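**Student:** all I have is the shape, not the residue letters:
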């Protein structure tokens, strides 16, 4: 986070948990760590244990993946996580129920759902945002819903007070950047690589060039995801932007603890939370 | 690509600027792909307006593909069906013979158009997805002709059951990637091709095989395939002095059907029948691939259309005896025509298609692909119920060389 940006950029005025959290982080002078888990992966109880443990391990915001059979922008690691989740009985409604249970013990950590449009349409867009808001969801990332197709969901989300967090990619040119940013709220998610999740690492120099380009056009916080794997990378991403999203690297760690049939073992949740701790330490390290 | 419209037209005017046919179609893709999709649309619009582009495509169709494909009066099939019909009944059946195209199916029509477009766009390599392998073979062929590296994504299940086409693609110099995810069929191949495209957007053109995917693919593939219907129109006028009464075509994604139907959409007297894959029966849960008959609207692979899905919006795997028809979705323009009632969507089961496959081989000396065997299965049902004066055109969209191993196994033959 650059000093000048900190001084000139107002907090998004939604009064939401997301805005409040970024305001708090700004006061602390650091960026956010946003770890990811896939709902019901590898089973509901373990997934719930991971979710509950994340704030204590250092998560500033939490991104929850909603399993879908055909995750177009995800690599093999998250794709497999989704398949395990579906096998364990994951549904959109069940994912909202997980958030509701989480909220009983944590009223402050922002929760963002990441998923694809079809399960939402199947649930009913209007009913979904109402239920999501009442369960305690703060923001939505809908991978296959560009601003051009957002009419189906965005007005309902706005009415329910849910942020639509948009992805900006390296391929997003200047003209398109305006369209995307105008349709964004909560924060902006910068996709650090041209590719799918979990396949390659972000180039630090490219990030240092890309973030100011976006910063010039928006007052929203900017977080970096895709290709952020190690504590060092997370620390760097959280310094050049307002936060680092780590997904595939965490799922990979978790999946290594599973037995040969993909079931959780006693150390499963702990392995993932330990890695969140290591990432959080790097994000909190003095600049 | 089409001849100018001769009268006001509602059915042929779509899609709108957002790529929508009514509420179907659109561009439901990740942000990384959006700029590329918009670039393809812009390039296609420019190409369409350039007479040299059309001229080059038509030169290839004539001298490389072998178009126009003949319109064949299937006399023995007609006589056979009349023998079972009431006096004065039994429609006259024609085949539009797109199985005679180079590479054995209609797919090459749209592939050549897209490869010419990719060259205009300065793309250095081509990717494609394939189910039965016909689109993969067509793409590999065009890439060989234009000296472009080609990677074809194909479900591992399909790789196993379509070995001859896999070998063809390799002979033609393409790399075939066996996709292991999901049920390892066409749907998964398309996912993988999209993922690969996201990672290689700079230099890669994605050549889609059917009238599905994000805008502009459904309209672009339709425009290229409409050569089938345009030729049929002229040929039927020459043969019978009037338009056909009924058009019949198989529907997977729906490219051959859209190609045949589109030039006739505004001819109110022309009845159109799209035949989906009924598999083990449309009343089974995952035993068929009839997305219009047994699915409901949703979003997959960049477009809103009818999909096979469960109550939670998870996509179901389709089943068909034909690897080319087991896609759980359908082109968005078909979804629109279905809701408007302009085209009737029916289905034929695996068994019915298998019977039609054998009947056609014996009566006409034409071994059809399993895809048009579904269309023929419906012709067998409907022709005897129509008067003798009725003219039916069925699109023989592919030949059965690729399917003889599947059919032999089902018939208990071993070799």
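**Tutor:** Great, that's in hand. Source: prediction; values computed, not measured.

**Student:** so which bits of the stretch 101-250 of chain A are right by chain B?
**Tutor:** For the stretch 101-250 of chain A, the residues in contact with chain B (Cβ under 8 Å from any Cβ of the partner chain) are A:116-123, A:143-146, A:148-149, A:166-173, A:176, A:180, A:191, A:194-196, A:199. To be clear about C-beta, it is placed using only N, CA and C from the backbone, and glycine gets the same treatment.

**Student:** kindly recompute the last result at 7 Å.
**Tutor:** Within the stretch 101-250 of chain A, the positions lying close to chain B (Cβ under 7 Å from any Cβ of the partner chain) are A:117-119, A:121-123, A:143-146, A:148-149, A:167-169, A:171-173, A:176, A:180, A:191, A:194-196, A:199.

**Student:** just those residues: which are in strands?
**Tutor:** Of the positions in these, A:167-168, A:191 sit in strands, assigned by DSSP state E.

**Student:** most neighbours among the residues you listed, which one?
**Tutor:** Neighbour counts for those, by other Cβ atoms under 10 Å in any protein chain shown, peak at residue A:191, which reaches 26 neighbours.

**Student:** what ranges do the strands span in the stretch 51-200 of chain A?
**Tutor:** Applying DSSP state E, counting those that start in this stretch to the stretch 51-200 of chain A gives strands spanning A:62-65, A:111-115, A:139-142, A:163-164, A:166-168, A:188-191.

**Student:** tabulate those strands (TSV), appending mean pLDDT and distance to residue A:255.
**Tutor:** TSV is the format used below for the strands of the stretch 51-200 of chain A (pLDDT from 0 to 100; distance: least, Cβ to Cβ, whole Å):
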stretch	mean pLDDT	distance to residue A:255
strand A:62-65	98	13
strand A:111-115	98	18
strand A:139-142	98	22
strand A:163-164	97	30
strand A:166-168	95	24
strand A:188-191	95	23
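
**Student:** relative to residue B:288, how far out is residue A:89?
**Tutor:** According to Cβ to Cβ, to the nearest Å, residue A:89 stands 25 Å off from residue B:288.

**Student:** please say which of those two ends up with more neighbours.
**Tutor:** Using other Cβ under 10 Å as the criterion, residue A:89 and residue B:288 rank with residue B:288 on top: 28 against 11.

**Student:** skipping its backbone neighbours, what lies nearest that one in space?
**Tutor:** residue B:279 (3.5 Å; Cβ to Cβ, 6 or more residues apart in numbering or on different chains).

**Student:** give me the number of residues near the one you found?
**Tutor:** Residues near residue B:279, counting by other Cβ under 10 Å: 26.

**Student:** return the residues in contact with it.
**Tutor:** Applying Cβ atoms under 7 Å, 6 or more residues apart in numbering or on different chains to residue B:279 gives the contacts B:287-289, B:319-320, B:349-350.

**Student:** neighbour-wise, which of those leads?
**Tutor:** residue B:289 (33 neighbours).

**Student:** bridging residues for the residue nearest to residue B:288?
**Tutor:** residue B:349 (DSSP bridges).

**Student:** re the thing from before, quick one: which of the ones in strands among the residues of the stretch 101-250 of chain A next to chain B is nearest chain B?
**Tutor:** Taking Cβ to the nearest Cβ as the measure, chain B lies nearest residue A:167 of these, at 4.3 Å.

**Student:** what distance do you get for that closest one to residue A:248?
**Tutor:** 16 Å.

**Student:** and the most centrally placed residue in chain B, how close does it get to residue B:242?
**Tutor:** The centroid of chain B falls nearest to residue B:255 when counting by Cα atoms, centre = their mean (3.0 Å). Between residue B:255 and residue B:242 the computed distance is 27 Å (Cβ to Cβ).

**Student:** same question for residue A:55.
**Tutor:** 74 Å.

**Student:** who has more neighbours, these two?
**Tutor:** For residue A:55 versus residue B:242, the count of surrounding residues by other Cβ under 10 Å is larger for residue A:55: 17 against 10.

**Student:** for stretch A:54-63, measure first residue to last.
**Tutor:** Start-to-end span of stretch A:54-63 (Cα to Cα, to the nearest Å) is 11 Å.

**Student:** next: stretch B:201-210.
**Tutor:** Terminal residues of stretch B:201-210 are spaced 20 Å apart (Cα to Cα).

**Student:** is that stretch anywhere near chain A?
**Tutor:** Yes - using Cβ under 7 Å from any Cβ, stretch B:201-210 reaches chain A at residue B:201.

**Student:** tell me the buried residues in that stretch?
**Tutor:** Within stretch B:201-210, the residues scored as buried using 16 or more other Cβ atoms under 10 Å in any protein chain shown are B:201, B:204-210.

**Student:** pLDDT score for residue 44?
**Tutor:** Using chain A here. Looking at residue A:44, its pLDDT reads 98.

**Student:** um, chain B though
**Tutor:** Listed pLDDT for residue B:44 reads 98.

**Student:** contacts for whichever strand or helix holds it?
**Tutor:** Counting by DSSP states H and E, the element that carries residue B:44 is helix B:34-48. Where contact means Cβ under 7 Å, 6+ apart, the residues beyond helix B:34-48 that reach it are A:146, A:171-173, A:176, B:27, B:29, B:53, B:117, B:120-121, B:201, B:214-216, B:220.

**Student:** so for residue A:259, which of the strands of the stretch 51-200 of chain A sits nearest?
**Tutor:** For residue A:259, the closest of those is strand A:62-65, at 21.9 Å, according to Cβ to Cβ.

**Student:** that closest one pairs with which strands, and in what direction?
**Tutor:** With DSSP bridges as the test, strand A:62-65 pairs up with strand A:32-38 (parallel), strand A:111-115 (parallel).

**Student:** and it, how far out from the chain's middle?
**Tutor:** 5 Å (Cα atoms, centre = their mean, to the nearest Å).

**Student:** contacts for it next, please.
**Tutor:** Contacts of strand A:62-65 (Cβ under 7 Å, 6+ apart): A:34-39, A:51, A:54, A:78, A:81-82, A:95, A:109, A:111-115, A:245.

**Student:** low pLDDT regions in the stretch 151-287 of chain A?
**Tutor:** Along the stretch 151-287 of chain A, segments meeting pLDDT under 70 span A:287.

**Student:** so which residues of it form helices?
**Tutor:** Using DSSP state H, counting those that start in this stretch, the helices found in the stretch 151-287 of chain A span residues A:154-160, A:174-182, A:204-215, A:231-240, A:248-256, A:268-284.

**Student:** just so I know, which of those helices lies nearest residue B:22?
**Tutor:** Going by Cβ to Cβ, the one of those nearest residue B:22 is helix A:154-160, 20.3 Å.

**Student:** can you list the buried residues in the closest one?
**Tutor:** Applying 16+ other Cβ under 10 Å to helix A:154-160 flags A:154, A:156-157, A:160 as buried.

**Student:** from those, which two are the most distant?
**Tutor:** Most distant of the buried residues of helix A:154-160, by Cβ to Cβ, are A:154 and A:160, 10.8 Å apart.

**Student:** who wins for proximity to residue B:297 among the strands paired with strand A:62-65?
**Tutor:** strand A:111-115 (18.2 Å).

**Student:** quick one, strands of the stretch 1-150 of chain B?
**Tutor:** B:20-21, B:24-28, B:71-73, B:92-96, B:125-130, B:150-155.
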